[in-house]
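J.: heads up, no residue letters with this:
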């Protein structure tokens, strides 16, 4: 999406003159007045989304299936180590948004892929588009995994059945196709992301209900948990079975950083939300990012603590699945399942938008908006994701691999590299503090990626899988 040029030859939308200097933080990214008339700087959309709706959209982009794995992550790190890691990832995500907004403000580019083009040429554009596509496909897959495994249980409970029948409407593979066609596809066909603010707000409300239920259940599920089959009638229950651990290191700890990184990635959505923001400035968008991350930090921490304090070492990779072992027909958990299903279903269209934008930037960079392309890409993406969810057996593997590769790239590596390459050297030389910080930030991303992938591969090679590691 290039900056528009007026037919009279005046390049009101051309930000080339800014390459020699950095715009002040408070200056508007999209100048609102030009010769007394309002001039939008992008050809496809003029920002009309309110601050509140933008917070809903970005919060919804941050929060998704990752919240279901946080109690599991805490059980494999301990409370203190988890809190340290969660705080660090949240702060680093906020700093990453700052780097993206500074880079975008200099060259007037609102697309992640176009920042890659500006920083590294065509290879940078391809790399950014591929990473965004892979990450968001992984995110969409994890959401549909929840639909695949939880919706049959909800239907089963409503029908009063105690065992899964062979009926087609109890088959998760059929159900994700139906949900994709009837709910996700119509929302994904909307022209602009800002229109999804209302569904994002409703999705967040559902997740608040999920958190409230997790807190309530903490005080209504007794420990020890005989439902997990770890103890016989005459066996001696270990003293630390229901004891919270402050520090824990085990083989599953390898998945903690990827799960946390996966849970905070929203960066492909930042610039599209920025562009559609009413009265956009870098400070205003940074406040949206900070508020969204803070809200999700609080929700993540509370969910992890109360989920872990309910099941302790029996916590599984997908928290709802852990509750189902205690009482499969519990009414509250049934309502929670339904709320989470609604939330993740409404999040899928928000995540699909950046993938479609990345593919359009990659395949049709100079083409104007066309409904056929818009619809065709959405249909193809949903088809591919449905196929992936049907074929891949374990949600933890998606959390691990996506969190260990694309998440560090989007949070740490690419924003740092973009900042280093795009901010002019005469304004900030490589020896300047901001550039050194960005370089360290990038290096940290490579370290996270290497460590996480190494531990995950070693875990796979060992062949040891924790019970209940996922569906």
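T.: Perfect, thanks for sending it. Since we're looking at a predicted model, the values are computed, not measured.
J.: drop to CA atoms for contacts and neighbour counts, all remaining ones
T.: Fine.
J.: Quick check: buried residues in stretch 48-66?
T.: Buried positions in stretch 48-66, judged by neighbour count with 16 or more other CA atoms under 10 Å: 49-51, 53-66.
J.: now that stretch: mean pLDDT?
T.: Across stretch 48-66, the average pLDDT comes to 81.
J.: Check whether residue 145 really touches residue 389, as I assumed.
T.: Yes. Between residue 145 and residue 389 a contact is recorded at 6.1 Å, counting by CA atoms under 8 Å.
J.: how about the strand or helix carrying residue 140: buried residues?
T.: Taking DSSP states H and E as the criterion, residue 140 maps to helix 122-158. When burial is assessed from 16+ other CA under 10 Å, helix 122-158 yields the following buried residues: 124-157.
J.: So which elements touch that helix?
T.: helix 112-120, helix 172-179, helix 331-363, helix 371-391, helix 395-408 (3 or more CA pairs under 8 Å, 6 or more residues apart in numbering; DSSP states H and E).
J.: How many residues are close by the nearest residue to residue 130 once chain neighbours are set aside?
T.: Spatial nearest neighbour of residue 130, chain neighbours left out: residue 358 (7.8 Å); criterion: CA to CA, 6 or more residues apart in numbering. Residues contacting residue 358 under the criterion other CA atoms under 10 Å number 25.
J.: With residue 80 instead?
T.: Using other CA under 10 Å, residue 80 has 14 neighbouring residues.
J.: Now do the host helix or strand of it: which elements does it pack against?
T.: Using DSSP H and E, residue 80 sits within helix 79-107. Counting contacts by 3+ CA pairs under 8 Å, 6+ apart, helix 79-107 packs against helix 256-264, helix 267-275, helix 282-311, helix 414-422.
J.: Show me what counts as buried in the third one.
T.: Residues of helix 282-311 classed as buried under the neighbour-count rule (16+ other CA under 10 Å) are 282-286, 288-294, 296-297, 299-311.
J.: got the buried residues for the helix or strand following it?
T.: The element immediately downstream of helix 282-311 (helix or strand, assigned by DSSP H and E) is helix 319-326. By neighbour count on 16+ other CA under 10 Å, the buried set for helix 319-326 is 319, 320, 321, 322, 323, 324.
J.: Looking at helix 319-326 now, give me its mean pLDDT.
T.: On average, helix 319-326 scores 79.
J.: Quick check: which helices or strands does that helix pack against?
T.: Judged by 3+ CA pairs under 8 Å, 6+ apart, helix 319-326 is in contact with helix 331-363.
J.: State the pLDDT value of residue 396.
T.: Value for residue 396, per-residue pLDDT: 65.
J.: please renumber so the chain begins at 326
T.: Sounds good: first residue 326 from here, last item residue 721.
J.: out of the helices and strands packed on helix 447-483, nearest to residue 740?
T.: helix 437-445 (9.2 Å; CA to CA).
J.: which strands and helices sit next to that closest one?
T.: Packed next to helix 437-445, using 3+ CA pairs under 8 Å, 6+ apart, are helix 447-483, helix 656-688, helix 739-747.
J.: returning to that earlier point: mind giving me JSON lines with the helices and strands packed on helix 447-483 and columns for distance to residue 425?
T.: As requested, the helices and strands packed on helix 447-483 are exported to JSON lines (distance: least, CA to CA, whole Å):
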{"stretch": "helix 437-445", "distance to residue 425": "8"}
{"stretch": "helix 497-504", "distance to residue 425": "34"}
{"stretch": "helix 656-688", "distance to residue 425": "15"}
{"stretch": "helix 696-716", "distance to residue 425": "26"}
{"stretch": "helix 720-733", "distance to residue 425": "14"}
